[in-house]
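structure here, sequence nowhere to be found:
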């Protein structure tokens, strides 16, 4: 058939990236996607691994579980006066000055988890391990709901920063200071964490451009004509020639992007010149998973004959007979690719993100499972050494997937299922420091019609 794998890869990839750019896709769309997957599975009698890329889509769609109570206000602590020691009796000394009482006010907002009011002392104490995140409604089909900006401490305390006008608001960059770069309904802006004020900061981006990613190494935006624009560390944004219709994965050095081009070939694009380097593997059909490090791109490849009936979608189905391979290729097209055939029971990656040199975070599903609704997991892989990023939650949260990396910190989603009936169920995001092993849970509000869920988040690293 003419509807070959390359076309389907491109369509699947575009759908995935479009949902990722929106951060919290419509759950009705997600349910429809899974119904389609199950129909494909039944038609081909495949033993599949479940929805690999769609699990990535679930990154920002599923709600979190929280308690609808305000935190107790801790009692004020007043230090006792130090005793005065003298050689001879003296009159009682007047009590010395006491430290000012620290009283935090709880913030109660419908649909949100328990929070504290943000004060100057807390903001001044921000450092490594703190996370800035925006919350939006789990149910995207209702009326516009104001976005909530929240600061999370390493210990899991949540501090309410601001309430912004209705519409999607995503954190793009933040270094722990009093301002952050965000993408809002009106485009790129600077958010003042002290006042909650938004100030337009387009940096030369065209009107109507929207951010996509997230990308730890910089900002990528898509203009109305589909051309990618890059926002450098300083100076004005610039268009990347020849990128209309492409969704790029940004390299760790911020200078290149990887994508499947309109002809179905994996390519690396120079973000300054638009020059392309073909990084495909001869004789195989491949899709781009992400960057393994600054010099190599991760691919998922299969035999081309698997596209003969137009029914094989590597992001959604993985039959052992297709011989899926995890492939690492040099971004400059040099050398021979490193090909690793995936065995039954091993993870078929749907996404790869670099953590540090030699170490990647992968999200996917095991090859060869029976037809299932969803079975996803995450790995931290250094060479041939594989470890779990985060243990599954309780019986309600058996699945995990990677949703972002900032330095050595990985953001992991724990969720209940890829429910084909549209009932996604409770979920939570876990911020994992892969060096120290410490974790911080970003919850959502209580389950219900007004549940608010975290969107994009940025964590300060050392």
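Arrived safely. Remember, it's a predicted structure, so these values are computed and weren't measured experimentally.

all helices for this protein, in order.
5-22, 27-44, 52-57, 120-124 (DSSP state H).

as a check, name the ranges of all strands in the stretch 351-462 of the chain.
Listed in chain order, the strands of the stretch 351-462 of the chain (DSSP state E, counting those that start in this stretch) span 359-366, 377-382, 385-387, 399-406, 409-415, 427-433, 439-442, 452-459.

okay, angle between the fifth one and strand 399-406 too, please.
Meaning strand 409-415. Calculated by axes from the mean of the first three to the mean of the last three CA atoms, to 10 degrees, strand 409-415 forms an angle of 160 degrees with strand 399-406.

how many other residues sit next to the residue nearest to residue 189 when sequence neighbours are not counted?
The shortest distance from residue 189 to any residue other than its chain neighbours is 4.7 Å, reached at residue 198 (CB to CB, 6 or more residues apart in numbering). (Each C-beta comes from the backbone N, C-alpha and C, glycine too.) Residues contacting residue 198 under the criterion other CB atoms under 10 Å number 19.

can you pull the pLDDT of residue 198?
Residue 198 carries a pLDDT score of 93 in this model.

is it true that it touches residue 190?
Yes - because the distance of 7.2 Å satisfies CB atoms under 8 Å, residue 198 is recorded as touching residue 190.

can I get the strands of the stretch 351-462 of the chain in TSV with mean pLDDT, mean neighbour count and distance to residue 186?
Rendered in TSV, the data for the strands of the stretch 351-462 of the chain read as follows (pLDDT from 0 to 100; neighbours: other CB atoms under 10 Å; distance: least, CB to CB, whole Å):
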stretch	mean pLDDT	mean neighbour count	distance to residue 186
strand 359-366	90	25	32
strand 377-382	90	20	35
strand 385-387	90	10	43
strand 399-406	86	25	24
strand 409-415	88	26	26
strand 427-433	88	24	26
strand 439-442	94	19	26
strand 452-459	89	26	17
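
if we can go back for a sec, can you tell me which of the helices of the chain the model trusts least?
For the helices of the chain, the bottom mean pLDDT is recorded on helix 52-57, which sits at a mean of 34.

one step back: got any residues that touch both of residue 198 and residue 190?
Counting by CB atoms under 8 Å, 6 or more residues apart in numbering, the contacts common to residue 198 and residue 190 are residue 182.

who is residue 115 paired with across the strands?
Under DSSP bridges, the beta-bridge partners of residue 115 are residue 107.

tell me the contacts of it?
Contacts were defined as CB under 8 Å, 6+ apart; by that measure residue 115 touches 71, 106-109, 150, 158-160.

possible to save these as a markdown table with neighbour count, distance to residue 254 and pLDDT?
Compiled in a markdown table, the contacts of residue 115 are given as follows (neighbours: other CB atoms under 10 Å; distance: CB to CB, whole Å; pLDDT from 0 to 100):
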| residue | neighbour count | distance to residue 254 | pLDDT |
| --- | --- | --- | --- |
| 71 | 16 | 39 | 35 |
| 106 | 14 | 40 | 96 |
| 107 | 19 | 36 | 97 |
| 108 | 13 | 41 | 96 |
| 109 | 16 | 36 | 95 |
| 150 | 23 | 27 | 97 |
| 158 | 24 | 31 | 98 |
| 159 | 21 | 30 | 98 |
| 160 | 21 | 32 | 97 |
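
which single one of those is nearest to residue 363?
Distance ranking of the contacts of residue 115 against residue 363, using CB to CB, places residue 150 first at 24.3 Å.

pretty sure the closest one sits against residue 130.
No - applying CB under 8 Å, one finds residue 150 not in contact with residue 130, separated by 11.0 Å.

any shared contact partners between these two?
With contacts taken as CB under 8 Å, 6+ apart, not a single residue reaches both residue 150 and residue 130.

not counting its neighbours along the chain, what's nearest residue 155?
Closest residue to residue 155 in three dimensions, ignoring its sequence neighbours and counting by CB to CB, 6+ apart: residue 440, at 7.3 Å.

wait, isn't that neighbour in contact with residue 151?
No - applying CB under 8 Å, one finds residue 440 not in contact with residue 151, separated by 11.7 Å.

what touches both of those two?
Joint contacts of residue 440 and residue 151 (CB under 8 Å, 6+ apart) are residue 131.

and residue 207, how many neighbours?
Taking other CB under 10 Å as the neighbour definition, residue 207 ends up with a count of 9.

who's in contact with it?
By CB under 8 Å, 6+ apart, the residues touching residue 207 are residue 187.

dihedrals phi and psi, it?
Backbone geometry at residue 207, expressed as degrees, to the nearest 10, gives phi -60, psi 140.

and it, how far from residue 172?
Noted for residue 207: a distance of 18 Å to residue 172, by CB to CB, to the nearest Å.

in the stretch 101-250 of the chain, where is pLDDT below threshold?
Segments of the stretch 101-250 of the chain classed as low confidence (criterion: pLDDT under 70) are 101-102, 140-143, 166.

can you give me the strands for it?
Ranges of strands within the stretch 101-250 of the chain are 106-107, 115-117, 131-137, 146-152, 158-166, 170-173, 179-184, 187-192, 198-200, 210-212, 219-222, 228-231, 238-239, 249-250, based on DSSP E, counting those that start in this stretch.
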